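A.B. asks: Curious how this folds, go ahead:
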Amino acid sequence: MLRSRHFVSEFSQRDDQFVDCYHDCIRDAVLGRLSVDERAAVHDRLARTFAAHHVRDHVLLAVHTLGAGRVEEAADHYAHAAAEAAEALAFERAGQLYELSLTLHAPQPAQAAELRQKLADCLAKFSHDPAGS
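C.D. replies: Next up is the predicted model:
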């Protein structure tokens, strides 16, 4: 029904089948019908599928590992995404991602100190960037 009314589209890429919702309200309606456990299972399958296909989008992986209840793994993905953003000189975004990582999971003291230092460096670089002001 969703396909015949043009609410979703299906497409293939290599050997994989995908479904894309045209509107967020459709996605929200479908997700709203899932129980918490079913939603976590969907996130888990998506995270594992993306990881198996070597997807390097750490924010995407973080969203789905977090949705699956794997908080520490999600925090690690956010930290990786933050490092990539900092390398791309996206200091504000990097700072946001480091904060997400630290908020989700308190790592060992040495790693926490390293992440807080990287966060501070990003915030300092962003505040000194004329384009970021």
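
A.B. asks: Give me the helix or strand of this structure that scores worst on average pLDDT.
C.D. replies: strand 16-21 (a mean of 74; mean pLDDT, DSSP states H and E).

A.B. asks: What is the subsequent helix or strand relative to it?
C.D. replies: Past strand 16-21, heading to the C-terminal end, the next element that is a helix or strand (DSSP states H and E) is helix 24-32.

A.B. asks: tell me the mean pLDDT for that next one?
C.D. replies: pLDDT averaged over helix 24-32 equals 85, rounded to a whole number.

A.B. asks: after that helix, next one along is what?
C.D. replies: Using DSSP H and E, the helix or strand that follows helix 24-32 in sequence is helix 36-52.

A.B. asks: list the buried ones in that next one?
C.D. replies: Taking 16 or more other CB atoms under 10 Å as the neighbour-count basis, helix 36-52 is seen to contain the buried residues 42-44, 46-47, 50. Every residue, glycine included, has its C-beta placed from N, CA and C.

A.B. asks: quick check, nearest of these to residue 116?
C.D. replies: Using CB to CB, the shortest approach to residue 116 within those belongs to residue 47, at 26.6 Å.

A.B. asks: Any figure for the gap between that closest one and residue 89?
C.D. replies: Between residue 47 and residue 89 the computed distance is 28 Å (CB to CB, to the nearest Å).

A.B. asks: and residue 59, what element?
C.D. replies: Assigned by DSSP H and E, residue 59 belongs to helix 58-67.

A.B. asks: One more: residue 9?
C.D. replies: Per DSSP H and E, the secondary structure element for residue 9 is strand 8-13.

A.B. asks: Quickly run through the sheet partners of that strand, with directions.
C.D. replies: Strand 8-13 has the following strand partners under DSSP bridges: strand 16-21 (antiparallel).

A.B. asks: show me what contacts residue 82?
C.D. replies: 93-98, 100-101, 118-119, 122 (CB atoms under 8 Å, 6 or more residues apart in numbering).
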